[in-house]
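J.: Make a model of this:
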Amino acid sequence: MDLTIHVSNFMRKFKLLLYFALLMSIQGMAQGTVSLDSCRRMAINNNREIQAGNIKIEQAGYQRKEAAAAYLPSIDLVGGYIYNQHKVSLKKEDQYLPIKTYNSATGKYDFGLVTDPATGMPAVVDGSIVPSMVALLPKSALTADIHNIFAGAITAVQPIYMGGKIRAMNAITKYAEELARSMNDSKIEDVIYSVDQAYWQVVSLRAKEKLVHSYLKLVKNLDSDVEKMMKQGVATQANKLSVDVKVNEGNVNLTKVENGLALSRMLLNQLCGQPIDRRYTLADEDKEDIEGTLRPSRFNMDTVYSKRHEIESLTLATKIYDEKANVTKSEMMPQVAAFAAYHALNPNSYNGFENKFGFGFSVGAMVKVPLWHWGGLSNKYKAALADARIKRVELEDAKEKIALQVNQAAYRYQEAWKTYEKTKANLVSANENLRCATVGYKEGVMNLDEVLTAQTAWFKAYSDNIDAQIDIQLCDVYLSKVLGEMRY
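T.: Numbers count the residues shown, from 1 in each chain. Down below sits the predicted model:
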């Protein structure tokens, strides 16, 4: 009767497991298997900061083209209109101008004057000599109608020498575009590293989930054996309770692993830009052993520096600040530019004053020579040079930190491999110890506590082996990052 019940329970469990296996298989086929490279590509394509970085690269390209345009003449069309309330008059009222006549006696031109008949002297009225003949200069002749003024011009300005400012600005924008690209590449590496961490975390928890199931199978089988032995009178209730505690611990661990696995999948989905509830199978989560190759432990730091985006960014920043100092220096240099303009005026005074459009062109040159600014420009230039020196100090400091970072990463990587080799050796011992304890318990030469201890040691050995394999992968990707060898 007990055997029939046991077989019936086993068949129900088997059918349930078969159903879940079939369901997971269908879901796996629907969702597909996703590799680490696929996760990386999804993260790069969907990351908002990387998208913003691409826009910054595009923006820097426009700024570079803007700076290059400064070498060419700038051509503009300007125009304007003014309405004036009053006309402009050069005289307040009509004017009378005395007229000279030719004096044949003296051979000169003399004013004709009114003389006093009594004295024969020029007549004086209100303190002024009175001319005998005058010319009328009417006010209207000297009045200009400027109620409506129209002006327009096409101008062209060509820089000839700006003290090196244009060349420096072109260099700055070129370096700025390269800097934007380098910073975006650095951000991509950060995103990849985060994706790899989340990916291997899922793989680790998936392996531990299977391990916990295997451990539960062991302790449940032991629990079944103890229960049978109790019925035969060769085991006690205390033995049964000891095994039950291990079963409960296994169930608690399974719950923790399952919850952690679900949260880790959500994190990976978020990093990849996918819905957090999307379920798919990772290419490495069902592998027994994760492949890896031990790297050499010595590195050429000059090669590392040439590959690190941080060094590239600081080098470009140093060049940018050098050119900014040249821009400041250009303010102390003479500046020369040529200009030309074709203009139209209404009213115009090219041929008398006329209320119609008059056209003409002008050409010329402008020169600006700074003379004395009480040390303001020179101190500004020195401050710019100081900024460039600060960047050089930061560059050297970054190289020292990167050297330390590489050595630490290499040490951790070597340590991870040594730990992995030790855990592989521990697996052999743990499997043999568990076999001996199981056989010894059945033969009656070993007690229950020794079996439980062997099972716990077996579980810990496999858990440590999983951690060691994952640690190798994480150390490998981190070492690739600090060496500047990350491929994506």
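J.: can I assume Tyr297 is in contact with Asn407?
T.: Small correction: residue 297 is Ser, not Tyr. No - with contact defined as Cβ atoms under 8 Å, Ser297 does not reach Asn407; the gap is 9.7 Å. Bear in mind the C-beta positions are built from the backbone N, C-alpha and C, glycine included.
J.: who's more crowded, those two?
T.: Asn407 (14 against 10; other Cβ atoms under 10 Å).
J.: contacting residues around the more buried one?
T.: By Cβ atoms under 8 Å, 6 or more residues apart in numbering, the contact list for Asn407 is empty.
J.: Off-centre distance for whatever helix or strand it lives in?
T.: Using DSSP states H and E, Asn407 sits within helix 376-443. The chain centroid and the centroid of helix 376-443 are separated by 26 Å, computed with Cα atoms, centre = their mean, to the nearest Å.
J.: going forward, begin numbering at 143 instead of 1
T.: I'll keep to 143 as the first residue from here, and by that count the last item is helix 518-585.
J.: which stretches of the chain form strands?
T.: Secondary structure of the chain by DSSP state E: the strands cover 175-176, 216-225, 230-231, 237-240, 242-245, 250-253, 266-267, 270-271, 276-279, 285-286, 290-303, 423-424, 477-488, 500-510.
J.: Give the other helices and strands that the fourth one contacts.
T.: Packing contacts for strand 237-240, counted by 3 or more Cβ pairs under 8 Å, 6 or more residues apart in numbering; DSSP states H and E, involve strand 276-279.
J.: End to end on stretch 578-598, go ahead and measure it.
T.: With Cα to Cα, to the nearest Å as the measure, the first residue of stretch 578-598 is 14 Å from its last.
J.: contacting residues around Glu351?
T.: Glu351 makes contact with Leu396, Val399, Glu400, Leu403 under the criterion Cβ under 8 Å, 6+ apart.
J.: any idea which of those residues is closest to Glu208?
T.: Glu208 lies nearest to Leu403 out of these, by Cβ to Cβ, at 52.0 Å.
J.: quick one: the closest residue to that closest one other than its chain neighbours from Val446, how far?
T.: For Leu403, ignoring the flanking residues on the chain, the nearest one in space by Cβ to Cβ, 6 or more residues apart in numbering is Leu347 at 4.1 Å. Per Cβ to Cβ, to the nearest Å, Leu347 is found 33 Å from Val446.
J.: Can you pull up the most central residue in this structure?
T.: Gly195 (3.8 Å; Cα atoms, centre = their mean).
J.: The closest residue to it other than its chain neighbours: how many residues sit nearby?
T.: In space, and not counting its chain neighbours, Gly195 is closest to Asn326: 3.4 Å by Cβ to Cβ, 6+ apart. Using other Cβ under 10 Å, Asn326 is surrounded by 20 other residues.
J.: do you know how far Asn326 is from Lys461?
T.: 18 Å.
J.: Val478 is in contact with Ala507, correct?
T.: Yes - Ala507 is within contact range of Val478, at 6.8 Å (criterion: Cβ under 8 Å).
J.: Looking at those two, which one has more neighbours?
T.: Using other Cβ under 10 Å, the more surrounded residue of Ala507 and Val478 is Val478, with 16 against 10.
J.: Quick check: that one touching Ile302?
T.: Yes - using Cβ under 8 Å, Val478 makes contact with Ile302 at a distance of 4.3 Å.
J.: Can you pull the phi/psi pair for the most far-flung residue of the chain relative to its centre?
T.: Distance from the centre of the chain peaks at Ala260, with 104.9 Å (Cα atoms, centre = their mean). Backbone torsions for Ala260, taken as degrees, to the nearest 10, come to phi -80, psi -40.
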